[in-house]
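# here's my sequence, what's the structure:
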Amino acid sequence: MGSAIIRQGINFIREKKQEGIDIRIPPKIGPDDEFFAQNVLPKQNGAEIIENNGEFSTKQVGITSESSGFSYFLDGIERKKILFYYRSIPVIYGYIAGVVLKRTDKKMHSINLEKSEENFYVPVQDAPDSPGHYFSEQERESLGKKTVKNIGKTGIKQGEGYPVLPEQMIQAAHSEIQTARNRIEESLVKNWIDGGFNDGWLFVDGRLENKNKELILGANIAGIIKSHHASYFCHENQYKIYSMKKGERSVVFMPKDDKGKKENVYSWYLKIHYDKRLGDNNFGLIRIEVPAQDRFLDKADEISSWVLLETKPVAFPASRWDRMVYPIKYCEDYLKSKAPSRALIDSLY
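Next up, the predicted model:
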């Protein structure tokens with residue numbers, strides 16, 4: 001997977017260089033020289049506390065079973081890179097993939113629930129008011145029409161007008177790639193539910209809130225969030241969350257979005273690793289989401305104990321091993337083994 005579209009890029013570069021058009025290839029920085037969105041401060045959102053009569057609290061979780069209730073694990077990956085600049089426009093390559101793997105007798109294996117796609121992300125002139133320096137339809141055809149996603153419309157959806165500067169185009173591509181990854185993961189959740197895989201719970205690496213509400217309602221599913229881009233409590237309670245020891249969880253709450261609207265999940269924080277000498281405030285800290293149903297509220301301790309059981313073996317040497325369970329690392333490694341290699345992507349250099 002990946003060779004055809006990368007070769008399209010190579011052929012495009014050769015063709016345009018022969019025409020004397022300005023094409024520049026960014027220097028290779030390192031093995032992971034992907035572009036990233038600009039760092040932003042966590043959003044300060046609200047929450048409605050569901051447990052403990054609406055009062056914030058933390059508690060120790062007891063492990064009452066010998067084995068986890070999770071049998072299925074969903075993870076996704078994305079690779080994105082500025083391959084070259086064409087007339088100063090960044091031509092961005094994006095690869096996304098997702099998989100659901102099953103664990104049987106302590107062994108992970110495929111159940112044929114996996115999807116992937118790869119595309120170029122560039123701004124295209126497809127409307128009368130499109131900026132003049134965008135890719136023409138002829139240039140889009142030359143690069144590979146079926147694999148070129150137009151990011152010129154992204155800014156309009158956000159109410160910010162067309163992205164015109166390279167930095168705005170990079171941000172638009174980042175957003176489009178993440179949206180495509182969420183779409184793949186949502187479709188895999190739907191396939192898992194429709195497929196009747198009811199002999200175990202599904203562990204989703206990431207949020208449930210961005211999945212369809214009707215889709216997840218009633219499913220035995222939990223989303224585990226490793227990155228914390230929002231804060232839901234006042235600073236006093238947030239510091240109590242940072243200070244939790246391994247095996248402690250926060251009170252269950254219903255998160256609110258940045259407009260103050262309650263989301264369709266119940267959630268709580270859980271500390272799965274603790275080391276007073278190592279890491280930052282988020283070390284070992286995850287947040288769990290489940291569908292907003294009373295039956296899930298009653299299982300908060302049990303689900304937490306399952307996640308704690310999943311921490312052995314440790315997911316080292318993954319970069320976020322302190323917030324990752326080994327089956328998710330296995331899914332990640334499985335997806336990476338099928339993704340275009342770094343050597344192939346770097347073949348443009």
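
# need the helix or strand of this structure with the lowest average pLDDT.
Ranking every helix and strand in the chain by mean pLDDT, DSSP states H and E puts helix 154-157 at the bottom, with a mean of 65.

# which SSE is immediately downstream of that one?
On the C-terminal side of helix 154-157, the nearest following helix or strand under DSSP states H and E is helix 166-194.

# tell me the angle the next helix-or-strand element following that following helix makes with helix 166-194.
Past helix 166-194, heading to the C-terminal end, the next element that is a helix or strand (DSSP H and E) is strand 201-205. Using axes from the mean of the first three to the mean of the last three Cα atoms, to 10 degrees, the direction of strand 201-205 lies 180 degrees away from that of helix 166-194.

# elements contacting strand 201-205?
The helices and strands touching strand 201-205, judged by 3 or more Cβ pairs under 8 Å, 6 or more residues apart in numbering; DSSP states H and E, are strand 70-86, helix 166-194, strand 221-225, helix 326-338. C-beta coordinates here come from the backbone N, C-alpha and C atoms, glycine included.

# which of these is buried the deepest?
Mean neighbour counts were taken over the helices and strands packed on strand 201-205 using mean count of other Cβ atoms under 10 Å, and the top value, a mean of 24, falls to strand 221-225.

# now tell me what touches that one from outside.
Here strand 221-225 makes contact (Cβ atoms under 8 Å, 6 or more residues apart in numbering) with 70, 189, 201-209, 211, 265, 286-291, 303, 307, 325, 328.

# let's see that with 7 Å instead.
Strand 221-225 is contacted by residues 201-208, 286-290, 303, 307 when judged by Cβ atoms under 7 Å, 6 or more residues apart in numbering.

# also stretch 296-305?
Under Cβ under 7 Å, 6+ apart, the answer for stretch 296-305 is 50, 61-65, 222, 249, 252, 266, 268, 270, 288, 290.

# cool, stretch 242-250 as well?
For stretch 242-250, the surrounding residues in contact (Cβ under 7 Å, 6+ apart) are 58-61, 241, 268-274, 281, 284, 304, 308.

# the strands in the stretch 1-150 of the chain, which residues?
Listed in chain order, the strands of the stretch 1-150 of the chain (DSSP state E, counting those that start in this stretch) span 23-24, 43-44, 47-49, 58-60, 70-86, 89-104, 107-122, 148-150.

# same question, the stretch 201-349 of the chain
For the stretch 201-349 of the chain, the strands defined by DSSP E, counting those that start in this stretch occupy 201-205, 221-225, 230-231, 248-250, 253-255, 265-271, 285-291.

# so for the fifth one, what's the average pLDDT?
Taken as a whole, strand 253-255 has an average pLDDT of 97.

# what do you get for the second one?
Strand 221-225 carries an average pLDDT of 96.

# what of the first one?
Rounded to a whole number, the mean pLDDT of strand 201-205 is 97.

# what is the nearest of the contacts of stretch 242-250 to residue 169?
The shortest distance between residue 169 and any of the contacts of stretch 242-250, using Cβ to Cβ, involves residue 281 and amounts to 33.6 Å.

# okay, now the closest one: neighbour count?
Applying the criterion other Cβ atoms under 10 Å, we find 11 residues in the vicinity of residue 281.

# how about it, what does it touch?
Residues in contact with residue 281, defined by Cβ under 7 Å, 6+ apart, are residue 242.

# repeat the analysis, applying 10 Å as the threshold.
With contacts defined as Cβ atoms under 10 Å, 6 or more residues apart in numbering, residue 281 is in contact with 228, 238, 239, 241, 242, 243.

# check what pLDDT it gets.
Among the per-residue scores, residue 281 shows a pLDDT of 91.

# residue 123 is in contact with residue 87, correct?
No. With contact taken as Cβ atoms under 10 Å, residue 87 and residue 123 are classed as non-touching, separated by 11.1 Å.

# okay, these two: which has more neighbours?
Using other Cβ under 10 Å as the criterion, residue 87 and residue 123 rank with residue 123 on top: 26 against 13.

# measure the more buried one to residue 99 for me?
When Cβ to Cβ, to the nearest Å is applied, the distance between residue 123 and residue 99 equals 31 Å.

# quick revisit: put together JSON lines for the contacts of residue 281, with pLDDT on each row.
Compiled in JSON lines, the contacts of residue 281 are given as follows (pLDDT from 0 to 100):
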{"residue": "228", "pLDDT": "93"}
{"residue": "238", "pLDDT": "95"}
{"residue": "239", "pLDDT": "96"}
{"residue": "241", "pLDDT": "97"}
{"residue": "242", "pLDDT": "95"}
{"residue": "243", "pLDDT": "95"}
